[in-house]
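Participant: Prediction below, plus the sequence it came from.
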Amino acid sequence: AAHPWLPVFVSGLSDGTVLLWGFGAPQPLSSFGSMSAGVVNRIRFDEPGAKFCGCDSSGLAGVWNFELARGSGPDRRPVDLIQAHTKRCYDVCFLDKGTVLGTAGTGSASSVCVWDLLMPPSCACVAALNLHDGSANSVSHCEEKHLLISGGQKGDLSITDTRTWRCLRTVNNAHKLCTRAVCFSTGGKMVVSGSTDGDIKFWDVGDLVTGAGE
């Protein structure tokens, strides 16, 4: 994941290691405290670049304070850590100023969950959405449109209103294989989705919500 404005990026490894790199640098600039020894599946920055979040194959999702984590000592560890899914957490995104997370995974009753990190752990899950058969493998949020989009193991896409947590529409067979990545464009007019087979599609958000053009 690239920082929004600094010439650096953060990567995650198969042993849980999280590293900070400079573009063009042959070696990492520093390492961060890991969530676990599981495979890091996704890392994303918030819009200001003050925090970044990650998730791993043990079902954990974490948030790091970027400025603190660039230093030394215990502040390199995640400032928030939750067991988002009981088996694997495949994707994570910020929903609200770095205090609310959306996660996509498997092993839990709900494939997509929303977490308020300001709440006690016992009641931090503010929405549990059973949107996909099997697992959810990708998730992205658009604050301007109040929409959350998620991609499933069987190539489907679901779009949810974050004001009511109601699923507005599911597109079955959006891809032939697992929908591994989804992303809103700036302003939320378009969505890009990517599949395991390398297929990439661009969607008009208005048409995606209403089903226009089908």
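Facilitator: Noted; the coordinates are in hand. Nothing here was measured: the structure is a model prediction, and the numbers come from that model. Numbers count the residues shown, from 1 in each chain.
Participant: Quick check on residue 100: phi, psi?
Facilitator: Backbone geometry at residue 100, expressed as degrees, to the nearest 10, gives phi -130, psi 130.
Participant: Show the contacting residues for the residue lying closest to it once chain neighbours are set aside.
Facilitator: In space, not counting the residues next to it along the chain, residue 100 is nearest to residue 116; the distance is 5.4 Å by CB to CB, 6 or more residues apart in numbering. No exception for glycine: its C-beta is placed from N, CA and C like everyone else's. Residue 116 sits next to 99-100, 124, 126 when contact means CB atoms under 8 Å, 6 or more residues apart in numbering.
Participant: Show me which of the residues you listed are buried.
Facilitator: Burial by neighbour count, judged by 16 or more other CB atoms under 10 Å, picks out 99-100, 124 from the contacts of residue 116.
Participant: Between the residues you listed, which sits nearest residue 196?
Facilitator: Residue 196 lies nearest to residue 100 out of the buried ones among the contacts of residue 116, by CB to CB, at 28.4 Å.
Participant: after the helix or strand bottoming out on mean pLDDT in the chain comes which helix or strand?
Facilitator: Lowest by mean pLDDT, DSSP states H and E among the helices and strands of the chain is helix 66-69, with a mean of 79. Note on helix 66-69: by DSSP states H and E, the next helix or strand toward the C-terminus is strand 80-83.
Participant: Buried residues in that following strand, which are they?
Facilitator: Under the neighbour-count criterion of 16+ other CB under 10 Å, strand 80-83 has 80-82 buried.
Participant: in its sheet, what does that strand sit against?
Facilitator: In the sheet, strand 80-83 lines up against strand 60-65 (antiparallel) (DSSP bridges).
Participant: who's in contact with the strand it pairs with?
Facilitator: With CB under 8 Å, 6+ apart as the criterion, strand 60-65 contacts 18, 32-33, 35-36, 38, 50-55, 75-84, 89, 92, 98, 101, 103, 115, 117.
Participant: mean confidence score for it?
Facilitator: Across strand 60-65, the average pLDDT comes to 95.
Participant: And for stretch 167-174?
Facilitator: 95.
Participant: Equivalent analysis for stretch 105-114, please.
Facilitator: The pLDDT scores in stretch 105-114 average 91.
Participant: Give the buried residues for that stretch.
Facilitator: Buried residues in stretch 105-114 (16+ other CB under 10 Å): 105-106, 108, 110-114.
Participant: Can you give the distance of stretch 152-166 from its chain's centre?
Facilitator: The gap between where stretch 152-166 is centred and where its chain is centred comes out at 13 Å by CA atoms, centre = their mean, to the nearest Å.
Participant: how about the nearest residue to residue 56, chain neighbours excluded?
Facilitator: residue 38 (4.0 Å).
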